[in-house]
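[1] Predicted model, plus sequence, below.
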Amino acid sequence: MQDLERISITIEPDLLSALDEHVARSGHANRSKAVCDFIRAGLRDVGPDDRQVVGVVAITYDHEARAIADHLVQHAHRHEGRVLATTHLHLDARHCLEMSALSGSAADVRHYADHVMGMKGVEYGGLLLTRPLER
């Protein structure tokens, strides 16, 4: 077992209650395990911009919005090598979900995702960064 450090934190009662509800729903063994997972998730998004990462950008959009599908394809082609794969799902008669796996420096991946999420017609966007697999 790895060495562990015991720390103490001060937290508002409402936030502690929300944490306890999350622990009960998520199946975490205890508060400490949940807090460690939250810290790891938060640290994925900080760090040097030149570090190499992989990530997923997910967007939902109305495919009837003016030429958005064409703009998405053109943008992906302009960033050949950064976009590893794209999956497109039809949510209903008008709405689509598109997820693209990305690779590159943290700054480049964020820049690509920000551009896509900011396109006219995109209703929702999110980016998940993680580190690349060690080789």
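    Great, that's in hand. Numbers count the residues shown, from 1 in each chain.

[2] Other residues contacting stretch 119-135?
    44-45, 51-62, 65-66, 68, 71-72, 75, 95, 103, 106, 109-110, 113, 116-118 (CB atoms under 8 Å, 6 or more residues apart in numbering). The way it works is simple: take the backbone N, C-alpha and C, and place the C-beta from them, glycine included.

[3] Can you say which of the residues you listed are buried?
    53-59, 61, 68, 71-72, 106, 109-110, 113, 116-117 (16 or more other CB atoms under 10 Å).

[4] Among these, which are located in helices?
    Within these, residues falling in helices by DSSP state H are 68, 71-72, 106, 109-110, 113, 116-117.

[5] Need the max-distance pair from these.
    Ile68 and Ala106 (26.1 Å; CB to CB).

[6] If we ignore the residues flanking it in sequence, what's nearest Val56?
    Leaving out its chain neighbours, the residue that sits closest to Val56 by CB to CB, 6 or more residues apart in numbering is Leu128, at 5.0 Å.

[7] which residues of this structure fall in strands?
    52-62, 83-90, 95-105, 122-130 (DSSP state E).

[8] Nearest to Ala18 among the ones you listed would be which one?
    Per CB to CB, nearest to Ala18 of these: strand 122-130, 20.7 Å.

[9] From the chain's centroid, how far away is that closest one?
    From the chain centre to the centre of strand 122-130 is a distance of 5 Å (CA atoms, centre = their mean, to the nearest Å).

[10] ok, that strand: who's next to it in the sheet?
    Sheet pairing for strand 122-130, assigned by DSSP bridges, gives strand 52-62 (antiparallel).

[11] got the contact list for the strand it pairs with?
    Residues contacting strand 52-62 (CB under 8 Å, 6+ apart): 68, 84, 91, 94-106, 109, 112-113, 116-117, 119, 121-133.

[12] tell me the mean pLDDT for it?
    Mean pLDDT, strand 52-62: 94.

[13] Pull out the buried residues from stretch 77-84.
    Within stretch 77-84, the residues that count as buried by 16+ other CB under 10 Å are 79, 82-83.

[14] Relative to Thr10, which of these is nearest.
    Thr10 has its nearest neighbour among the buried residues of stretch 77-84 in Arg82, at 41.9 Å by CB to CB.
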